[in-house]
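Undergrad: give me a model of this one.
(chains A and B)
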Amino acid sequence: MSSIEVVGLTKRFGPLTAVDDVSFQVEEGEVFGFLGPNGAGKTTTINILCTLLRPTAGSARVAGYDVASQKDAVRQSIGLVFQDPSLDDRLTAYENMRFHAHLYNVPGKEHARRIEETLRVVDLWDRRNGIVRTFSGGMRRRLEIARGMLHYPRVLFLDEPTIGLDPQTRENLWDYILELQRTHNITIFMTTHYMEEAEHCNRIGIIDQGKVVALDTPDALKRMVGADIVSIRTEDNERAAREIRERFGLETQQEDSRIRMEVADGAEFIPKVVCELGVAVLSVDLHRPTLDDVFLKLTGRAIREAEADPLSFMRLHGRLWGRGGR
Amino acid sequence: MTATYTPATGLPTRGRRASLEANARGVYIIWYRELMRYRRDRARLISSLGQPLLFLIVFGSGLTASLGGGLKDQLGNVSYVRFLFPGIIAMAVLFTAVFSAISIVWDREFGFLREVLVAPISRASVVLGKAVGGSTVAMLQGAILLVLAPVLGVTLGPLIVLKLLGLMFLTAFALTSLGILIAARLQSMEAFQMIMNFLIMPMFFLSGAFFPLRSLPAWMSVITRLDPVAYGVDPMRRLLLGADLAPGIRIGNHHLGTAEDCLILAVFAAVMMLLAMRAFESQE
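TA: Below you'll find the model as predicted:
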């Protein structure tokens, strides 16, 4: 069964189309990522899926429930970690969790056990009585993730979960998220504009200007751009080039002191070439296409440029102007 | 851990009664949060006690000194400070109630409101929880001021205190509901300043907290009758100081009794509550 089914989803704010006829499915237990620049329509889509916004057209089902007509059922089945913090920073970590437990109708006798369980997962059990105001950004985000898990959702939405965090905390957070996904088989739907983060996903939808322009596994997306490029330096480049042509059937190019070749899977090719060549290999360099390259190819712009362009700016702020549209 | 995880299921497994229970728990925890925040916020507690004291002492003594004769004609042998006392309690209730309600704007600004709005409970429960929470805090704030009663020579029996608490809660509930209705539409704290100056302060000044509502200019006496706070101040004063000083707000030739004041407050509260619920229902 699909966890999320989106068909022809469209959201307009006045003259602005933030989400434009988007369709996709997310399978149960999948980590699915929405990748795109700020203002591409990621947050708007998430807001529709978690029933905060009504779609202008199209439909969406989350955990089997319709987001427009079965709001409460959807809300009970999902966990949310917002882009902006949504904790009460005057209360303690434990009080925030308790608040959530009541709000989501977690059985009373389950409260203590579940709060301890989820706080331990994110390593905050020792800080349970600390006032949230005194927490660092990373601790707050971890607390939000624990809170999002407290009512045992089937789908966890993470909107830019690691924005503004340092790389170390970001990695740790990913370990937590993937651990949760693995042990509990929950579906994770996340948005990001960090390429390296999108790599953690089973599948990625690339969204630009309200449209999904590509949807596949990270590797498949990268293959769209082209092959891996391996360049090697050997003791005798001419002989190496000849041998490579004969053994592997690959054309090579001479480039300064190196020879360069395109292969389907560079990581597999390198050990072979190092072992089998009759000349000693002095250095190896592998360039694999990145999701940046994919985005560039699909939209004609790098993701950073896309963020600076005025139309995206309009989209982003159109969303803010639309009343309560954040 | 894995063994204990049973993913949440949505509504179809829950009956109508279960959904009612879920909403009741929502109301409870939102109410509880207001109390927790109130308990934590020492500064608020102290300042909200300091302000009424300041009014009572400085304003009370100052006015008594400069307007002695005129006041005596109106108040008989009751000192102005004593006259002011119920008004100051109403003031504490009014400001605490409105402030609690307006904290929704803070919650929106700091994101916490989203946590509440995406929860699987009705918006009506959210609004009700907030209103009951704000009213409880406002009532407590008013109740604390009652410790001044002996100093001012006002005698309090348990029954009077109980009635006063009820009145404070009802007044607070009406004003919190009004505040929530405003907060639903308010996008910034700057706008709140305007509401404070053009709505809350006039409501306070025209409520009869500072001066008797008898013998006011005609235009003013019309406005005072539209002021919900007036229907809280009058019965509070009657309870604390007796009917001579608070003969009731006059409509035509009829002086309103405490029960009628309460009815008016209740109707006002109900209307505001319904409007506030509707305003939040449409918030996305």
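
Undergrad: pick out the residue in chain A sitting closest to chain B.
TA: Closest residue of chain A to chain B, CB to the nearest CB: residue A:73 (2.8 Å). C-betas here are computed from N, CA, C, even on glycine.

Undergrad: in which helix or strand would I find that residue?
TA: helix A:71-77 (DSSP states H and E).

Undergrad: packing partners of whichever helix or strand comes after that helix?
TA: Downstream of helix A:71-77, the first helix or strand assigned by DSSP H and E is strand A:78-81. Where contact means 3 or more CB pairs under 8 Å, 6 or more residues apart in numbering or on different chains; DSSP states H and E, strand A:78-81 is packed against helix A:137-149, strand A:155-159.

Undergrad: same list, the ones you listed, but as JSON lines with mean neighbour count and mean pLDDT please.
TA: Formatted as JSON lines, the helices and strands packed on strand A:78-81 follow (neighbours: other CB atoms under 10 Å in any protein chain shown; pLDDT from 0 to 100):
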{"stretch": "helix A:137-149", "mean neighbour count": "23", "mean pLDDT": "89"}
{"stretch": "strand A:155-159", "mean neighbour count": "24", "mean pLDDT": "90"}
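
Undergrad: so which residues on the stretch 1-150 of chain A come close to chain B?
TA: Contacts of the stretch 1-150 of chain A with chain B, taken as CB under 8 Å from any CB of the partner chain, map to A:47, A:50-54, A:63-65, A:70-77, A:80, A:82, A:84-91, A:95, A:98-100, A:102-105, A:113, A:117, A:121, A:131.

Undergrad: write the ChimeraX selection for whichever of those are buried.
TA: Entered in ChimeraX, the line below selects the buried ones among the residues of the stretch 1-150 of chain A next to chain B, by 16 or more other CB atoms under 10 Å in any protein chain shown:
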select /A:47,50,51,52,53,63,64,65,70,71,72,73,74,75,76,77,80,82,85,86,87,88,90,91,95,98,99,100,102,103,104,105,117,121
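
Undergrad: in chain B, which ranges drop under the pLDDT threshold?
TA: Along chain B, the model assigns pLDDT under 70 to residues B:1-15, B:68-74, B:284.

Undergrad: and the residue nearest the centre of it?
TA: Relative to the mean C-alpha position of chain B, the nearest C-alpha, by CA atoms, centre = their mean, is the one of residue B:172, at 2.3 Å.

Undergrad: touching, residue B:269 and residue B:179? I think so.
TA: No: if you go by CB atoms under 8 Å, residue B:269 and residue B:179 don't touch, sitting 11.5 Å apart.

Undergrad: between these two, point out the one with more neighbours.
TA: Using other CB atoms under 10 Å in any protein chain shown as the criterion, residue B:269 and residue B:179 rank with residue B:179 on top: 31 against 22.

Undergrad: give me the helices and strands touching the helix or strand that contains that one, please.
TA: Assigned by DSSP H and E, residue B:179 belongs to helix B:158-185. Applying 3+ CB pairs under 8 Å, 6+ apart, we find helix B:158-185 packed against helix B:80-109, helix B:123-145, helix B:230-241, helix B:258-281.

Undergrad: stretch A:7-22: which residues count as buried?
TA: Across stretch A:7-22, burial judged by 16+ other CB under 10 Å covers A:9, A:10, A:11, A:12, A:13, A:16, A:17, A:18, A:19, A:20, A:22.

Undergrad: give me the mean pLDDT for that stretch.
TA: What stretch A:7-22 shows for mean pLDDT is 91.

Undergrad: likewise for stretch A:264-283?
TA: On average, the pLDDT along stretch A:264-283 is 86.

Undergrad: and it, how far apart are its ends?
TA: 20 Å (CA to CA, to the nearest Å).

Undergrad: gap between that stretch and the chain center?
TA: Here stretch A:264-283 is found 33 Å from its chain centre; the criterion is CA atoms, centre = their mean, to the nearest Å.

Undergrad: can you pull out the strands in the stretch 101-250 of chain A?
TA: Along the stretch 101-250 of chain A, counting by DSSP state E, counting those that start in this stretch, strands occupy A:155-159, A:187-192, A:203-208, A:211-216, A:228-234.

Undergrad: for the fourth one, which outside residues touch it?
TA: The list of residues contacting strand A:211-216 from outside it, by CB atoms under 8 Å, 6 or more residues apart in numbering or on different chains, reads A:20-24, A:41, A:203-207, A:221, A:224, A:294, A:298-299.

Undergrad: show the subsequent helix or strand relative to the helix or strand that contains residue A:267.
TA: Taking DSSP H and E as the definition, one finds residue A:267 inside helix A:266-276. Sequence-wise, the next helix or strand downstream of helix A:266-276 (DSSP H and E) is strand A:281-287.

Undergrad: direction included, what does that next one pair up with?
TA: strand A:228-234 (antiparallel) (DSSP bridges).

Undergrad: got the angle for the partner strand vs helix A:266-276?
TA: In terms of direction (axes from the mean of the first three to the mean of the last three CA atoms, to 10 degrees), strand A:228-234 departs from helix A:266-276 by 20 degrees.

Undergrad: quick one: contacts for residue B:228?
TA: Per CB under 8 Å, 6+ apart, neighbours of residue B:228: B:171, B:174, B:175, B:178, B:203, B:264, B:265, B:268.

Undergrad: residues near the spatially closest residue to residue A:4 that is not a sequence neighbour, how many?
TA: Leaving aside its sequence neighbours, residue A:4 sits nearest to residue A:26 (CB to CB, 6 or more residues apart in numbering or on different chains; 4.0 Å). Residues lying near residue A:26 (other CB under 10 Å) number 22.

Undergrad: quick check: pLDDT value at residue A:26.
TA: pLDDT, residue A:26: 94.

Undergrad: how close does residue B:169 sit to chain A?
TA: As judged by CB to the nearest CB, to the nearest Å, residue B:169 and chain A stand 23 Å apart.

Undergrad: check contacts around residue A:200.
TA: Residue A:200 is in contact with A:31, A:33, A:174, A:177, A:178, counting by CB under 8 Å, 6+ apart.

Undergrad: next, it: phi, psi?
TA: Torsion angles at residue A:200 (phi, psi; degrees, to the nearest 10) stand at phi -70, psi -10.

Undergrad: give me the domain ranges for chain A.
TA: Domains of chain A are assigned by automatic domain parsing as A:2-221+A:295-321, A:227-287.

Undergrad: can I get the ones you listed in CSV with distance to residue B:90?
TA: Converted to CSV, the domains of chain A look like this (distance: least, CB to CB, whole Å):
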stretch, distance to residue B:90
domain A:2-221+A:295-321, 27
domain A:227-287, 75
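
Undergrad: tell me which of those sits most buried.
TA: Mean neighbours per residue, mean count of other CB atoms under 10 Å in any protein chain shown, is largest over the domains of chain A for domain A:2-221+A:295-321, with a mean of 19.

Undergrad: next one: that domain to chain centre, how far?
TA: Relative to its parent chain, domain A:2-221+A:295-321 has a centroid offset of 9 Å by CA atoms, centre = their mean.

Undergrad: before we move on, the earlier item: TSV please, covering the contacts of residue A:200 and showing pLDDT.
TA: TSV is the format used below for those (pLDDT from 0 to 100):
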residue	pLDDT
A:31	92
A:33	91
A:174	82
A:177	79
A:178	84
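
Undergrad: residue contacts, residue 236?
TA: Here I'm looking at chain A. By CB under 8 Å, 6+ apart, the residues touching residue A:236 are residue A:279.

Undergrad: not what I meant, chain B
TA: Contact analysis of residue B:236 by CB under 8 Å, 6+ apart lists B:86, B:89, B:90, B:164, B:167, B:168, B:171.

Undergrad: same check, this time on residue B:112
TA: With CB under 8 Å, 6+ apart, residue B:112 has these contacts: A:86, A:87, A:88.

Undergrad: mind redoing it with 6 Å?
TA: A:86, A:88 (CB atoms under 6 Å, 6 or more residues apart in numbering or on different chains).

Undergrad: from residue A:191, how far off is it?
TA: Distance, residue B:112 to residue A:191, by CB to CB, to the nearest Å: 21 Å.

Undergrad: residue A:281 too?
TA: Counting by CB to CB - residue A:281 and residue A:191 are separated by 42 Å.

Undergrad: ditto for residue A:160
TA: In this view, residue A:160 and residue A:191 are 6 Å apart by CB to CB.
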